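next one to model:
(2 chains)
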Amino acid sequence: MHLSLLCRTELGMKTREIIDVAMKAGEILILSGAEVYRVEDTLARIFKSYDVEAECFVLLSGIFITAKGEDDEVISVVKRIKGHINDLQKIEKVNSFSRSLMVKAVSYEEAMEILNAIESTPRYRFSTRLAASGVAAFVYSLLFKSSVKEAVAALLISLMVFTVKENISRVGFFQFFEYFVSGMISGAMSIFAVKLFPEMNLYKIIIGSIMILVPGVAMTNGIKDALYGDTVSSIYRLAEAVFIAVAVASGVGIMLSIGIRWV
Amino acid sequence: MKEILLAFFGSLSLAITFNVGRNRFVWAGLSGAVGWIAYSWLYEITGQVIVSTFVGAVCVGLYSEIAARCLKCPATVFSISGIFPLVPGIGAYQTVEYIVGNELAQSASKGIETLASAGCIALGIMLMSAVFRVMKNVKKGRKTP
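Here you go, the predicted structure:
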């Protein structure tokens, strides 16, 4: 403890700056879809390595930090955070950053530089992710005992769905709309495919092509949060999963009810 | 064998969507294959979805914790991609689909099955991480009595 205190005065970091570093790390973690307990652990680790007395409260929609400053003055910072996607690489990097702080604390500028670099970690190229979503649809169709022909149809439809979904999310509509439109495309194209090749099973094509949309991981994470005791965040995630399922299913359902009239 | 390969590629492609690092995504794919082997083997013997899913999740958890210690990165990287073949995403979709089609009884049973298997997966993963945490604490306690 004495050692790290010495270290902090040597680095000349103000409490406000340490809160900034922690806040940034927490924000990256939540935006990348980390569990709440992991975010709280990481923040506690950062404050411990700079030897600051602090209390953090983390929700999926915001972070609250209160810390005791140099001359016993109390500083509170609240940050609102919107939206989150799964980005495991960023979680991994922030995790190793916070662990390296435990070994050797770095100055404010250096820490912010590292965190900014983590924040701008590139995702895979669009074409790679497109191919990955196609492969996922193909593979899971086969796992659900579809024929190869149906799996290929699911692959093509899922490529289309992924492209449209990515474009909508770049424009920045709300999430429900994104999944609703994706579901509609999947339903419409599956009907089209069955009309071209009547021997294929409509239901199996739909299942395969929406595989990349359905909220299985979100739901499991929600229950995981509940088991760790973060009930509020757990309900947040479960509600999100339910809304995604409703959006996709109503999109598909609307197209099916229209399509069946036409047939 | 064919199914194991499929599960491997399924998890691999999901790992790319979840932006797992280049040097790790093969291991993330392997995690999916491990979970699927356990799941399908037990499902063939017992025919019970929930129990098989739980055992599959325990195997994914075990694999992820070991891989996390060998490759020095958090276990979630492997467990999130690994549970993807097991998670009941399609079940969640079907629950709503039955509601849309006004088949409420079927929707309820599907919904409960979905929640139960999601709960099983979460429990299985956390069980393994708890076991590993306890083991670590015991080791630490021995070193500094």
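
where exactly do the helices run in chain B?
In chain B, the helices defined using DSSP state H lie at B:2-17, B:25-46, B:49-71, B:76-82, B:89-100, B:104-143.

including mean pLDDT, mean neighbour count and distance to residue A:46, could those helices go into JSON lines?
(Each C-beta comes from the backbone N, C-alpha and C, glycine too.) Below are the helices of chain B laid out as JSON lines (pLDDT from 0 to 100; neighbours: other CB atoms under 10 Å in any protein chain shown; distance: least, CB to CB, whole Å):
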{"stretch": "helix B:2-17", "mean pLDDT": "85", "mean neighbour count": "22", "distance to residue A:46": "28"}
{"stretch": "helix B:25-46", "mean pLDDT": "89", "mean neighbour count": "21", "distance to residue A:46": "27"}
{"stretch": "helix B:49-71", "mean pLDDT": "91", "mean neighbour count": "21", "distance to residue A:46": "21"}
{"stretch": "helix B:76-82", "mean pLDDT": "86", "mean neighbour count": "30", "distance to residue A:46": "19"}
{"stretch": "helix B:89-100", "mean pLDDT": "86", "mean neighbour count": "23", "distance to residue A:46": "34"}
{"stretch": "helix B:104-143", "mean pLDDT": "88", "mean neighbour count": "16", "distance to residue A:46": "20"}
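
got TSV for these, with distance to chain A too?
Converted to TSV, the helices of chain B look like this (distance: least, CB to the nearest CB, whole Å):
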stretch	distance to chain A
helix B:2-17	4
helix B:25-46	8
helix B:49-71	9
helix B:76-82	5
helix B:89-100	3
helix B:104-143	4
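
and the stretch 1-150 of chain A, which of its residues are near chain B?
Contact residues, the stretch 1-150 of chain A versus chain B (CB under 8 Å from any CB of the partner chain): A:34-35, A:38, A:86-92, A:95-96, A:121, A:123-124, A:128-129, A:131-133, A:135-136, A:139-140, A:142-144.

residue B:24 and chain A, how far apart?
From residue B:24 across to chain A, the span is 8 Å (CB to the nearest CB, to the nearest Å).

how about the contacts made by that residue?
Residue B:24 is in contact with B:15, B:71, B:73, B:77-78, counting by CB atoms under 8 Å, 6 or more residues apart in numbering or on different chains.

10 Å instead, please
By CB atoms under 10 Å, 6 or more residues apart in numbering or on different chains, residue B:24 lies in contact with A:88-89, A:92, B:15, B:67, B:71, B:73, B:77-78, B:81.

next one: residue B:85
A:139-140, A:143, A:216, B:3, B:6-8, B:10-11, B:14, B:31-33, B:35-36, B:39-40, B:56, B:60.

now with 7 Å?
If you count contacts by CB atoms under 7 Å, 6 or more residues apart in numbering or on different chains, residue B:85 has them with A:143, B:7, B:10-11, B:32, B:35-36.

can you give me the angle the lengthiest helix in chain A makes with helix B:104-143?
Criterion DSSP H: the longest helix present in chain A is helix A:231-262. If you take axes from the mean of the first three to the mean of the last three CA atoms, to 10 degrees, helix A:231-262 sits at 150 degrees to helix B:104-143.

run the chain-centre distance for helix A:231-262.
Mean-position distance between helix A:231-262 and its chain equals 18 Å (CA atoms, centre = their mean, to the nearest Å).

about what we covered before: any chance of the helices of chain B in TSV, with distance to residue A:226 too?
Listed next are these as TSV, based on distance: least, CB to CB, whole Å:
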stretch	distance to residue A:226
helix B:2-17	23
helix B:25-46	22
helix B:49-71	16
helix B:76-82	16
helix B:89-100	16
helix B:104-143	8
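
out of these, nearest to residue A:170?
Ranking the helices of chain B by proximity to residue A:170 (CB to CB) places helix B:2-17 first, at 16.1 Å.

residue A:77 falls within a strand, correct?
Yes. Checked against DSSP: H, G, I helix; E, B strand; the rest coil, residue A:77 lies within a strand.
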